[in-house]
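[1] got a predicted structure here, sequence first:
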Amino acid sequence: MTLMPQQVVGMTGRPLHIMPFVDALKVCVRKYADFDGRASRSEYWWFYVWINLIAIPFMVLDLVVLFVLGIEIPIFGTLFQLAYLIPSLSVLWRRLHDSGKSGLNVLWVLTIIGAIYVFYLTLIEGDAAPNEYGAVPTNTL
């Protein structure tokens, strides 16, 4: 088996390719509540896209329930958000680790300025070398 440069522990540099959509989903499901390590931009953003695409049918279902049955509580959307709360937090936590920041920076989203800062951290390229949170993500399963 030939190892890519990013698969060798201690190597520097970012992954050569973005993580494929399906691989990102598999990693995030496998690391459901894993707050250790690092997540690449592509892993984070593919998972974020997936969450939002899956949320649409639940929002539509809640609207149908609202207009047909008159129930104003978004039951299905709330259950979906609760089911994906832990994996969403864990991939964000690991994404913050990729830029060398503590996962506790996620608490900044409780303020408007802080939410902009956390959003910025999800956009920037991570550290090109191993940091205190782990090796550079390889973007491979």
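    All right, it came through fine.
[2] next one: phi and psi at residue 138?
    Backbone torsions of residue 138, given as degrees, to the nearest 10, read phi -90, psi -20.
[3] show me what the helix or strand containing residue 42 packs onto, helices and strands only.
    Assigned by DSSP states H and E, residue 42 falls within helix 41-69. With contacts defined as 3 or more Cβ pairs under 8 Å, 6 or more residues apart in numbering; DSSP states H and E, helix 41-69 has these neighbours: helix 21-30, helix 75-83, helix 85-98, helix 112-123. From N, CA and C alone the C-beta is placed, and that goes for glycine too.
[4] off-centre distance for that helix?
    Distance of helix 41-69 from its chain centroid, counting by Cα atoms, centre = their mean, to the nearest Å, is 15 Å.
[5] make JSON lines out of the helices and strands packed on helix 41-69 and add mean neighbour count and distance to residue 49.
    Shown next, in JSON lines, are these (neighbours: other Cβ atoms under 10 Å; distance: least, Cβ to Cβ, whole Å):
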{"stretch": "helix 21-30", "mean neighbour count": "16", "distance to residue 49": "8"}
{"stretch": "helix 75-83", "mean neighbour count": "14", "distance to residue 49": "15"}
{"stretch": "helix 85-98", "mean neighbour count": "21", "distance to residue 49": "12"}
{"stretch": "helix 112-123", "mean neighbour count": "13", "distance to residue 49": "13"}
